[in-house]
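1. next come a sequence and a model predicted from it.
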Amino acid sequence: MQKIVKAPAKINLTLDVLKKREDGYHEVEMIMTTIDLADRIQLTTLEENKIVIEVNKGFVPSNDKNLAYQAAKLLKDHMNIKKGVSIFIDKQIPVSAGLAGGSTDAAAVLRGLNDMWNLQLSIDQLAEIGLQIGSDVPFCVHGGTAIATGRGEKLEFIPSPPPFWVVLVKPPKGVSTKDVYGRLNLNNLDHPDTDGMVQAIKNKDFHGISSRLQNVMEDVTFNLYPEVSKVKERMLQFGADGAVMSGSGPTVFAITQNESRADRLYNGLKGFMEQVYVVRLLG
Ligand SMILES: C[C@](O)(CO)[C@H](O)COP(=O)(O)OP(=O)(O)OC[C@H]1O[C@@H](n2ccc(N)nc2=O)[C@H](O)[C@@H]1O
Ligand SMILES: Nc1ncnc2c1ncn2[C@@H]1O[C@H](COP(=O)(O)OP(=O)(O)OP(=O)(O)O)[C@@H](O)[C@H]1O
């Protein structure tokens, strides 16, 4: 049996961190949505009880360190499955970028194996298994647009935002999510207007959305890598309606409803950055 699954990236329209928890994680409140920038995962059942993984990017682990491998292992153990699986990842999402590239691959493997092996687990059950792999995995299992709280696993789904273009730049830096969380000054954060953003999304109010894009992690990553804040400045100079860093970065994305402005942004940014993408929302 074989199955191909898409693994879309996520962006954070708002990202707020409320406090540090007893378990070492942070209480977050963030609005996430999926975009049409995706890895493609090919799953093939093996008679032999093993997990084989191959990635078309050498710098992504192709062993049990890969989150997609961990997802297959968790599901096989959870369901006591003896047959094996070969996983090929066509990696399109930039790595260590703040786009949940590994998390979404893990989520796609959970969904894909559930279907291919007819395991009949619910999406919520798959999301619960996924939380053992990482905080972004439950959202990636579901997709769509949601307010995420807790570690990021408590999800309240809301209607999709109105359609707009997303122009992303991934500066040539890998950022450690753990490191950025650890450097946050929790007593001095400028908190996003999460409720206002939710209302703007529900009202399909694009200006209300673009003016409320905010991520409390920006100051940390911008201080570590000033070139990341330069990207945001240029996006606004080049006419973006709004721009913000995704997750712990370093990816910054701009949004606009105007296709020719999206093209101008893409071409302008491509002039000084390698990894530039222009995509639509999937949310
Ligand atoms: C920054 C975001 O990408 C926003 O979507 C997520 O909050 C991070 O999700 P993630 O990469 O799946 O994070 P995990 O792999 O679960 O955790 C990596 C590290 O980030 C820190 N971490 C993560 C999530 C969270 N709510 N609080 C944390 O403090 C912890 O130190 C953890 O050891
Ligand atoms: N399937 C995978 N795809 C990409 N990276 C992976 C994968 N599995 C493990 N990794 C490792 O995970 C680390 C983080 O990669 P990832 O692309 O998930 O970061 P990210 O997009 O910033 O995640 P998040 O937005 O959830 O913080 C990298 O060091 C990478 O080597």
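-> Looks like it arrived, so ask away. Ligands and ions are numbered 1, 2, ... in the order given.
2. quick check: residues of this structure near ligand 2?
-> 60-61, 65-68, 89, 95-103, 105, 136, 177, 247-248 (C-beta under 6 Å from any ligand atom). Using the backbone N, CA and C atoms, a C-beta is placed for each residue, glycine as well.
3. helices or strands up against the longest helix along the chain?
-> Scanning the chain for the helix with the most residues, using DSSP state H, yields helix 101-116. Judged by 3 or more C-beta pairs under 8 Å, 6 or more residues apart in numbering; DSSP states H and E, helix 101-116 is in contact with strand 2-20, strand 26-46, helix 67-78, strand 84-90, helix 123-131, helix 137-142.
4. pLDDT averaged over the shortest one, what's the number?
-> For helix 137-142, the per-residue pLDDT values average out at 98.
5. which is the succeeding secondary structure element to it?
-> Using DSSP states H and E, the helix or strand that follows helix 137-142 in sequence is strand 145-150.
6. from the chain's centre, how far out does stretch 187-198 sit?
-> When distances are taken as C-alpha atoms, centre = their mean, to the nearest Å, stretch 187-198 is centred 20 Å away from the chain's centroid.
7. if we can go back for a sec, what subset of the residues of the chain next to ligand 2 is also close to ligand 1?
-> Ala100, Ser103, Asp136, Thr177, Gly247, Ser248.
8. need the three-state assignment for the fifth one.
-> By that I understand Gly247. The local conformation at Gly247, judged by DSSP: H, G, I helix; E, B strand; the rest coil, is coil.
9. look up the closest residue to whatever residue of the stretch 151-283 of the chain ends up closest to ligand 1, ignoring the ones flanking it.
-> Residue nearest to ligand 1 within the stretch 151-283 of the chain (C-beta to the nearest ligand atom): Gly247, separated by 3.4 Å. Nearest non-adjacent residue to Gly247, counting by C-beta to C-beta, 6 or more residues apart in numbering: Gly98, 3.2 Å away.
10. quick one: residues contacting that neighbour.
-> Asn12, Val175, Thr177, Met245, Ser246, Gly247, Ser248, Gly249, Pro250, Thr251 (C-beta atoms under 8 Å, 6 or more residues apart in numbering).
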